Every structure is written in structure tokens, then in C-alpha cells.
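Visitor: Okay, structure incoming, though there's no sequence with it:
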């Protein structure tokens, strides 16, 4: 079976990629409320659409179905962090990636899919970042590895689940990430050169979210 044919069938490197319907059902299963579902799932849907747009210029160099599934699943670990009031505590939010990774692993998903959860934060969390910032995470490297992981991580930077949610231009994100150091800006610029910039205005109009 050719790689392109495998992707058409939703098969990626020996495992069957979950369908959009199956992924939506997982979100519905773990969301503690309809408001939490809308906040997280819509964000994941938007990230998927941004990633799809960016993939148009990548020819056949990335696994399309894997990127779609990774985009739709990357924030599944946010749901357990909602408190009874429906808010997300800032102090523990950084843990949503590892929580999502373990959740998917517990459901039997392969590592290459679980990693989209733990490898999308910022422009990559290194072991040194975890130690220096004293983050509430197991001390290890959380940097994106494959092009698929890097693409989902990058697409995620253009939309925020803030209240209200908003789209961020590349310039806006570069300015925001600068507070974590010049190296983070450099990493984002490298992603920008690799994948280009998405056209956010149509999506912002469709979803009714501000474009910052």
C-alpha cells in the first residue's frame, strides 16, 4: 500500500488514525460541560483548519491524516483541569499536555499520536525550561520532533482559548513569546520560515473571534 493511499484510508504507519467523528466523541466523553466542550473542541477544530491551510504548500512531505488527528486531539488533556466553576487554573494549566498524553495512552493510542498532546506547548519545552521555570511537570524534554508535531505546535500558536477566544497574527505571537527569551522568538521565526503564515481573516470572520 502506498503512503498516499494509506493516508486516504486513514492509515498511518501501521495504525488506523481515528476519524473526526471518533475524536469528537472523545471530546464529548471527557468534557465536564457543554461550555468546556465548546471552548476546547472549537479551538482544536480551528487549529486543524489552520494546519490544513499550511499543509497546502507542503506537497506530500507530511502525513495529512496524522496532522488532522493530532490537531483535533492536542488539547484533550485540558478537560480534567476545569474546576467546578468552569475555569482553568493558571498554575496547573501547563500540565494539560502530559495529562492528554497519558489519557490517550491509557486508551491504547500509539505514542506517535499521544505525543501531539505533550509536544505542542509554546514553541517547545526543553528539559532546561522545565527545570529553570520550575514547572509542575516530570523533568524531561517536550520538544516537537517530527514535521507533523512541529506543524501542529505551530498552527496552535495562531488561536487562543482565552475568554473571549481570539486569533493571533504571527507578529502578535512573536511579541508575546518574547517574554520567555530571545531563543523562543528565534524558534518561532524558524517555524514561520518552514511553514509560512496562515490567512486568518476568513477564519476570524467565520468563527466571530477577534484577530489580534
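Guide: That came in fine, so what should we check first? Quick caveat, the model's predicted, so the values are computed rather than measured.
Visitor: where are the low-confidence patches of this structure?
Guide: Counting by pLDDT under 70, the chain shows low-confidence ranges at 1-14, 59.
Visitor: change it to 50
Guide: Residue ranges of the chain with pLDDT under 50: 1-9.
Visitor: need the longest helix for it.
Guide: helix 34-55 (DSSP state H).
Visitor: Show me what that one is packed against.
Guide: helix 20-30, helix 64-73, helix 147-156, strand 159-160, helix 201-207 (3 or more C-beta pairs under 8 Å, 6 or more residues apart in numbering; DSSP states H and E). The C-beta positions use only the backbone N, C-alpha and C, and glycine is treated the same way.
Visitor: just checking, what packs against the fourth one?
Guide: Spelled out, it's strand 159-160. Packing contacts for strand 159-160, counted by 3+ C-beta pairs under 8 Å, 6+ apart, involve helix 34-55, strand 166-167.
Visitor: Residue 142 is nearest to which of the ones you listed?
Guide: Checking the helices and strands packed on strand 159-160 against residue 142 by C-beta to C-beta gives helix 34-55 as the closest, at 17.6 Å.
Visitor: Next, the buried residues of that closest one.
Guide: Neighbour-count burial for helix 34-55, counted by 16 or more other C-beta atoms under 10 Å, picks out 36-37, 39-51, 53-55.
Visitor: try stretch 57-72
Guide: In stretch 57-72, the ones that count as buried by 16+ other C-beta under 10 Å are 62-72.
Visitor: rewinding a little: using a markdown table, lay out the helices and strands packed on strand 159-160 together with distance to residue 82.
Guide: A markdown table is the format used below for the helices and strands packed on strand 159-160 (distance: least, C-beta to C-beta, whole Å):
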| stretch | distance to residue 82 |
| --- | --- |
| helix 34-55 | 5 |
| strand 166-167 | 20 |
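Visitor: Out of these, which gets nearest to residue 191?
Guide: Per C-beta to C-beta, nearest to residue 191 of the helices and strands packed on strand 159-160: helix 34-55, 10.0 Å.
Visitor: what's the angle between the closest one and helix 64-73?
Guide: 150 degrees (axes from the mean of the first three to the mean of the last three C-alpha atoms, to 10 degrees).
Visitor: what does helix 34-55 rub up against?
Guide: Here helix 34-55 makes contact (C-beta atoms under 8 Å, 6 or more residues apart in numbering) with 24, 27-28, 31, 62, 64, 67-68, 71-76, 78-79, 82, 86, 151-152, 154-156, 158-161, 165, 167, 195-196, 198-200, 203, 207.
Visitor: now with 6 Å?
Guide: Residues from elsewhere that reach helix 34-55, judged by C-beta atoms under 6 Å, 6 or more residues apart in numbering: 27, 31, 67-68, 71-72, 75, 78, 82, 86, 151-152, 155-156, 158-159, 161, 195, 198.
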